[in-house]
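Novice: My questions are about this predicted structure, shown below with the sequence.
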Amino acid sequence: MDKFYELRNKYSEFIYDSYTIKEENNKYVITYEFVTTNLCSFHPETKIDKSIIKNNNIDKNLFEYIVFHIGLIELISYYKATLSPNIIIKCGYLDEEQIKWYKNIIFNGLGELLYKNEISITIDELVNIKSLINSKPSFNLTYNGEGNLIPVGGGKDSCVSLEILKNEKCNSCFIINPKDPSINCARIAGYSNEDIITVERIIDKKIIELNEKGFINGHTPFSAIVAFISYLCAYLSNKKNIVLSNESSANQATVIGSSVNHQYSKSFEFENDFNEYINKYFKINIKYFSLLRGLSEYQIGLLFSKYQKYHEVFKSCNLGSKTTPWKWCCNCPKCLFVFIILSPHLYKDELINIFGEDLYERTDLLNTFLEIIGESKIKPFECVGTIEEAKFAVSTLINKLDKDKLPYLLKYYLDNYQLYTNAKSILTYNEENNIDEYFNNLVKAELNND
């Protein structure tokens, strides 16, 4: 807490100064200027290829207002270094309700960062936001989108969505900073280069330098960035829906008994808040929803286990994404969880072919295993499923195997804990979602075909 207050006193003001939109080499090059007073300025960029434009009635004011909003989320990655008590917005209009909404995104999106840095503070104490622009933007809108924009990260979840939507018309994939696994998954699903919308997001390296100097660092709500950038791309490409692949487990807190959630910007709460916001302030008919919200991670793993064409190319290890080529590191919670959730259906040769080894034999992963199955104060700060799903997957596999020849982690579970057999909530479709009847029927049909 001492460093927190020291930084806030020294750097009391963070300014969203401006954004520029230039056209270079048939691309929109969007540059933001953020300033931490008495420290430095930041200039991150976002590049969008103009070839995606299918909307013949783009309203310039709305286009710029969405770009402004992308900056509102983008700035969190730079604001976090000092957690300045004041954010000054110089380049766009926000009313009091919008400011309240945005403060909520900052507070909950930085919940993990605050927790890990042992910062105890209320939402109102954390930051005061002031917008210096008084004129409300006006739009002249004619919009009639069709088809779906499908964000693809390269993991199992988006592959399941691609399969469920494979017979739909006017689909496009959406990828930020594409890597081979995400591109390959889209191509395997049948998408050509013309149907894959890619965006280049370039961070200002000064934030990395500040991290190395000991300024405040931690997790930021990346999926909120995905929300606003995908919304802009959906508008430009004339799409009706943005179809995500966030499952019901994204709602579970990472710190047991608290509101701290690593996956906050993937949660149903954020999805609802975002839809309410865009409907009120952007006023065009683009719906943002997760196709998989009604499914548990266990059900998604079950479906994905059937799609063998993706098994050699999909990746979701965040540590491995920093290497070339992207690999499963086999040492992190994400790798172990994916291994666990697929294991009832693919253990063991198929999983070893994917990961290169049997992670259930890894004695050094015991503490990570215990976090995943809930025998710790916190779940891993990763995008992993619920404790109940992990326990059910482990228990299901144990019941399939010879109990005298179990690998290390499964034997440890059997020796120390009861098998988890409460399958009802895990195998029952969750009707609390924003999916309309048509898409609900597609998901249920895929589930019933298993």
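Specialist: Happy to help now that I have it.
Novice: mind listing the helices for the stretch 101-250 of the chain?
Specialist: 111-116, 123-126, 156-164, 180-188, 206-212, 222-236 (DSSP state H, counting those that start in this stretch).
Novice: who touches the third one?
Specialist: So the one you mean is helix 156-164. Helix 156-164 has contacts (CB atoms under 8 Å, 6 or more residues apart in numbering) with 150-152, 173, 182, 185-186, 189, 243-247, 291-292, 300-301, 303-304, 307, 310, 314, 316, 338, 342, 442-443, 446. For the C-beta atoms, the positions are set from N, CA and C on the backbone; glycine is no exception.
Novice: do the same with the second one
Specialist: Applying CB under 8 Å, 6+ apart, the external contacts of helix 123-126 come out as 83, 85, 103-104, 106-107.
Novice: re earlier: can you say which of the helices of the stretch 101-250 of the chain is packed in most?
Specialist: helix 156-164 (a mean of 25; mean count of other CB atoms under 10 Å).
Novice: quick check: angle from that helix to helix 180-188?
Specialist: 10 degrees (axes from the mean of the first three to the mean of the last three CA atoms, to 10 degrees).
Novice: can you give me the offset of helix 156-164 from its chain's centre?
Specialist: Counting by CA atoms, centre = their mean, to the nearest Å, helix 156-164 is centred 15 Å from the centre of its parent chain.
Novice: follow-up on the earlier one: of the helices of the stretch 101-250 of the chain, which approaches residue 362 most closely?
Specialist: For residue 362, the closest of those is helix 156-164, at 20.7 Å, according to CB to CB.
Novice: returning to that earlier point: just the buried residues of the contacts of helix 123-126.
Specialist: 83, 85, 103, 106-107 (16 or more other CB atoms under 10 Å).
Novice: Quick check: can you list the domain ranges of this structure?
Specialist: Using automatic domain parsing, the domain parsing of the chain gives 2-135+148-290, 297-428.
Novice: what's next to the strand ranked longest in the chain, contact-wise?
Specialist: The single longest strand within the chain, with elements called by DSSP state E, is strand 13-24. With contact meaning CB under 8 Å, 6+ apart, strand 13-24 is reached by 28-37, 41, 50, 64, 67-68, 71-72, 75, 78-79, 82, 84, 86-92.
Novice: Adjacent strands (with direction) for it?
Specialist: strand 27-36 (antiparallel), strand 86-89 (parallel) (DSSP bridges).
Novice: Return the alpha-carbon coordinates of the last one using CSV.
Specialist: Extracted C-alpha coordinates of strand 86-89, given in CSV (Å, rounded to 0.1, in the frame of the first residue of the first chain):
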residue,chain,number,x,y,z
ASN,A,86,-7.8,11.5,-11.3
ILE,A,87,-8.5,10.7,-15.0
ILE,A,88,-9.1,13.7,-17.2
ILE,A,89,-10.8,13.1,-20.5
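Novice: the strands in the stretch 151-300 of the chain, which residues?
Specialist: Applying DSSP state E, counting those that start in this stretch to the stretch 151-300 of the chain gives strands spanning 172-176, 196-202, 241-244, 287-290.
Novice: Would you tell me which one of those is buried the most?
Specialist: Of the strands of the stretch 151-300 of the chain, the one with the most neighbours on average (mean count of other CB under 10 Å) is strand 241-244, at a mean of 26.
Novice: which secondary element of this structure has the worst mean pLDDT?
Specialist: In the chain, no helix or strand scores lower on mean pLDDT, DSSP states H and E than helix 424-427, which sits at a mean of 89.
Novice: buried residues in it?
Specialist: Residues of helix 424-427 classed as buried by neighbour count (16+ other CB under 10 Å): residue 426.
Novice: Turn the contacts of helix 123-126 into CSV, including distance to residue 177 and pLDDT.
Specialist: Below are the contacts of helix 123-126 laid out as CSV (distance: CB to CB, whole Å; pLDDT from 0 to 100):
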residue, distance to residue 177, pLDDT
83, 26, 98
85, 32, 98
103, 28, 97
104, 27, 97
106, 23, 98
107, 27, 97
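Novice: burial measure for residue 368, as a count.
Specialist: 23 (other CB atoms under 10 Å).
Novice: Quick check, it in contact with residue 336.
Specialist: Yes - applying CB atoms under 8 Å as the test, residue 368 and residue 336 come out as touching, 5.5 Å apart.
Novice: Under the pLDDT cut-off, which ranges of the stretch 101-250 of the chain? List them.
Specialist: For the stretch 101-250 of the chain, no stretch has pLDDT under 70.
Novice: so which of the helices of the stretch 101-250 of the chain gets nearest residue 135?
Specialist: Nearest to residue 135, of all these, is helix 222-236, at 21.6 Å by CB to CB.
Novice: and that closest one, C-alpha only, in PDB?
Specialist: This file holds the C-alpha atoms of helix 222-236, laid out as PDB (Å, rounded to 0.1, in the frame of the first residue of the first chain):
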ATOM      1  CA  PHE A 222      -8.400  -7.500 -22.300                       C
ATOM      2  CA  SER A 223     -11.800  -8.900 -23.300                       C
ATOM      3  CA  ALA A 224     -13.200  -5.400 -22.800                       C
ATOM      4  CA  ILE A 225     -10.700  -4.300 -25.500                       C
ATOM      5  CA  VAL A 226     -12.000  -7.200 -27.700                       C
ATOM      6  CA  ALA A 227     -15.500  -6.000 -27.100                       C
ATOM      7  CA  PHE A 228     -15.000  -2.400 -28.300                       C
ATOM      8  CA  ILE A 229     -12.600  -3.200 -31.200                       C
ATOM      9  CA  SER A 230     -14.900  -6.000 -32.400                       C
ATOM     10  CA  TYR A 231     -17.800  -3.700 -32.200                       C
ATOM     11  CA  LEU A 232     -16.100  -1.200 -34.400                       C
ATOM     12  CA  CYS A 233     -15.100  -3.900 -36.900                       C
ATOM     13  CA  ALA A 234     -18.700  -5.300 -36.800                       C
ATOM     14  CA  TYR A 235     -19.900  -1.800 -37.700                       C
ATOM     15  CA  LEU A 236     -17.500  -1.400 -40.500                       C
END
